[in-house]
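*Asks:* I would like to see how this sequence folds:
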Amino acid sequence: MKRIENLKIKGNKVMTASFPLKKHTYTMKIIHRFILLLLISALWSCEKAIDLKLKDNVLKYVIEGTITNEPGICKVLISETKDFSDDNQFNGIGGAIVKIENNGNTVLLTEISKGIYQTTAINGTPGQTYNLTVDINGKVFKASSTMPELVPFLDFTLKPADFDTTRATPMVKYKDPAETKNYYWFQQYVNDKIQKDYSVTNDEFTTGREINEYLVFENKTKNRALNFKKGDRLTAEMHCVDGPVYTYLFSLFGAAGSDNGAAPTDPLSNISGGALGFFSAHTVQRKTIIIP
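*Replies:* Below is the predicted model of the structure:
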């Protein structure tokens, strides 16, 4: 074992004392660990709980109105946004005055339950423009939407997926007219229950062509009991919408922020006056398939 010499002078003699190097190193390690423990203890004793106070959003009205080419389908939902900590239940606003005007004729919608207004006195016609007015305690909101011409919904089938031929994927088929700019909105139903996912597209790169497009029907949970099975009904609902409605629906994809940490933003509404939501005059066509 190596030793280290410690020299001492006493009178005219030089005396030496020695101790093992290993023992000395071990002693210093103990001292270092002791100091480290003291520092950790000091930091721990200074720890303070932080109360994270989330700033509540400024409350806004939310208006979602639709008029379609189907008889009796004219409905407007009016609600109000909630604080961050509130539940996600529909927060209907009652007592509003809701009107739809077309070609000088105005129809007043009836409040059938709190925040839900509808009428069977009017249905939409392709090519016509409809104007919505909502008065909530003297605060007025307005929107306008033109119903496009109907583009025929040709087919809804199960096709082998391009990325996995062992799977069948729902596919819609329609022929885009070349004469006009067209916008499409597809909603999906499983066993007559509407799904959160939807699809929007335009004919920027497909004008005048026959379109075959996959729709996404999927179980996004780990619960296999929710997977699709034989006998399930899949329904595709095709809407022809105008440009501002397409812009609103498309902007919803980024409304909650992205995975890269971007801040949430409000979707681009076609309603004036500061309300969220949209008003759409659109056509409706449906097709259903049964999983074999």
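
*Asks:* in the helix or strand harbouring I78, what counts as buried?
*Replies:* Using DSSP states H and E, I78 maps to strand 74-80. Judged by neighbour count (16 or more other Cβ atoms under 10 Å), strand 74-80 contains these buried residues: 74-80. (C-beta placed from N, C-alpha, C; glycine too.)

*Asks:* who are the neighbours of it, in terms of helices and strands?
*Replies:* In this structure, strand 74-80 makes packing contacts with strand 61-68, strand 97-102, strand 116-118, strand 129-136, judged by 3 or more Cβ pairs under 8 Å, 6 or more residues apart in numbering; DSSP states H and E.

*Asks:* The third one pairs with which strands, parallel or anti?
*Replies:* Strand 116-118 has the following sheet partners, assigned by DSSP bridges: strand 74-80 (antiparallel), strand 110-113 (antiparallel).

*Asks:* Tell me which residues are up against the last one.
*Replies:* Yep, that's strand 110-113 we're talking about. The contact list for strand 110-113, computed with Cβ atoms under 8 Å, 6 or more residues apart in numbering, reads 92, 94-96, 98, 117-119.

*Asks:* So, low pLDDT: which residues of this protein?
*Replies:* For the chain, applying pLDDT under 70 flags the ranges 1-57, 83-88, 161-167, 254-264.

*Asks:* before we move on, the earlier item: columns distance to D197 on top of the strands paired with strand 116-118, output as CSV?
*Replies:* Formatted as CSV, the strands paired with strand 116-118 follow (distance: least, Cβ to Cβ, whole Å):
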stretch, distance to D197
strand 74-80, 20
strand 110-113, 27
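
*Asks:* Nearest approach to G274 belongs to which of these?
*Replies:* Checking the strands paired with strand 116-118 against G274 by Cβ to Cβ gives strand 74-80 as the closest, at 12.4 Å.

*Asks:* follow-up on the earlier one: could you give the angle of the strand holding I78 to strand 129-136?
*Replies:* Angle, strand 74-80 to strand 129-136, by axes from the mean of the first three to the mean of the last three Cα atoms, to 10 degrees: 30 degrees.

*Asks:* Give me the contacts around strand 74-80.
*Replies:* With contact meaning Cβ under 8 Å, 6+ apart, strand 74-80 is reached by 59-68, 90-93, 96, 98, 100, 107, 109, 115-120, 122-124, 132, 134, 136, 279.

*Asks:* Are any of those residues buried, and if so which?
*Replies:* Buried subset of the contacts of strand 74-80 (neighbour count, 16+ other Cβ under 10 Å): 61-68, 91-93, 96, 98, 100, 107, 109, 115-119, 122, 124, 132, 134, 136, 279.

*Asks:* tell me which residues form a beta bridge with the residue found closest to E237 once you drop the neighbours it is linked to in the chain?
*Replies:* Nearest residue to E237 in three dimensions, chain neighbours excluded: Q187, at 4.4 Å (Cβ to Cβ, 6 or more residues apart in numbering). Applying DSSP bridges to Q187 gives these bridge partners: Y198, E237.

*Asks:* can you count the residues close to Q187?
*Replies:* By other Cβ atoms under 10 Å, 18 other residues sit near Q187.

*Asks:* Can you give me every residue that contacts it?
*Replies:* Q187 touches 194-195, 198, 236-237, 239, counting by Cβ under 8 Å, 6+ apart.

*Asks:* go on, E210?
*Replies:* For E210, the residues meeting the contact criterion (Cβ under 8 Å, 6+ apart) are 154, 173-176.
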